[in-house]
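Visitor: Sequence first, predicted model second:
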Amino acid sequence: MTTSTLVMGVLNVTPDSFSDGGKWATTEAAVSRALALHAEGADLIDVGGESTRPGAGRVSPAEEQSRIIPVITELAGQGLTISVDTLNAGTAAAAAAAGAVIINDVSGGLADPRMAAVAADTGLTYVAMHWRGHAQKMDSLAVYGDVVAEVVSELSWRVDALTSAGVRRDKIVLDPGLGFAKLPEHNWRLLASLSSFTDLGLPVMLGASRKRFLAGVLPAEAGIDARDLPTAVVSVLAAQAGAWAVRVHDVAATRTALNVLALVDSARMEP
């Protein structure tokens, strides 16, 4: 009872992530959380040591690696499939050595010019997200004429640059970058046009979980956790559009929603 869309569980080993900063900031807590996410149905665990919430400050690669490498080493040793959420090529290389099999780079290789070489040399799956600038300034960069056409074009340009640098095309996954240099109306428009990304012929990952634009469907007083329900709905929409994976904080809710979709799809196929 599954869909082909993978569930990537978010593991923030940081003190300042927007929804769960500090909860899993020690190696012991982070490993325990990852194992819980896996038990809830996560196919992949995305381990990050630097917050990319709007306005967040940068973290040195040394500090980032001190947070996440022990966690990745332990989880990979237990057989979990690990993704590293990083902008830094050095951190990506260290994570690969520790057992990570996916590099999830929210900058698509723009933040660190060495990243493409690391992706090429390691041969890991590389998630390239649409990005226009660091967290401190990204809100000011949310200016589009046609957001779908521009994001598709800019991601296509990144694919060309990455493959020219030696990254195998069949190792690239695209992410339209919901919430990154996007206003709420841009995010909804991108969600309504997911086929524009799957039509590029590469796997697509979607990361909508708990992001600010989802607050627009909730009462004003709703907390961050209330965004898990609309996240699960978005995950179903992404799966219906053919997404390779969805990146979420609440794995159990999304797994349940995808199980419902799987049963409905199965029933449609019955004679």
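Guide: Received the coordinates, thanks. Model, not experiment: these values are computed from the prediction.
Visitor: which stretches of the protein have low pLDDT?
Guide: The chain contains residues with pLDDT under 70 at 1-2, 16-22, 53-57.
Visitor: So which elements touch the lengthiest strand in it?
Guide: When the chain is parsed with DSSP state E, its longest strand is strand 6-12. Helices and strands touching strand 6-12, by 3 or more CB pairs under 8 Å, 6 or more residues apart in numbering; DSSP states H and E, are helix 27-39, strand 44-48, strand 245-248, helix 251-269. Quick note: C-beta positions are derived from backbone N, CA and C, even for glycine.
Visitor: quick one: contacts of stretch 214-223?
Guide: 184, 208, 226-227, 230-231, 234 (CB atoms under 8 Å, 6 or more residues apart in numbering).
Visitor: most tightly surrounded among the helices and strands packed on strand 6-12?
Guide: Burial of the helices and strands packed on strand 6-12 is given as mean neighbour count (mean count of other CB atoms under 10 Å); strand 245-248 ranks first at a mean of 27.
Visitor: In its sheet, which strands sit next to that strand, and in what direction?
Guide: Strand 245-248 pairs in its sheet with strand 6-12 (parallel), strand 205-206 (parallel), by DSSP bridges.
Visitor: Tell me which of the ones you listed sits nearest to His249.
Guide: Set against His249 and scored by CB to CB, these come closest in strand 6-12, at 4.8 Å.
Visitor: Tell me if Gly90 really is in a strand.
Guide: No. Counting by DSSP: H, G, I helix; E, B strand; the rest coil, Gly90 is located in no strand; its state is helix.
Visitor: Asp112 versus that one, what's the distance?
Guide: 8 Å (CB to CB, to the nearest Å).
Visitor: what's the most buried one of the strands paired with strand 245-248?
Guide: By mean count of other CB under 10 Å, these have strand 205-206 as the most buried, with a mean of 28.
Visitor: ok, and what's touching it?
Guide: Under the contact criterion CB under 8 Å, 6+ apart, strand 205-206 has outside partners 8, 104, 127, 173-176, 178, 194, 234-235, 238, 243-247.
Visitor: ok, 7 Å please
Guide: 127, 173, 175, 178, 238, 243-247 (CB atoms under 7 Å, 6 or more residues apart in numbering).
Visitor: Brilliant, that's me finished.
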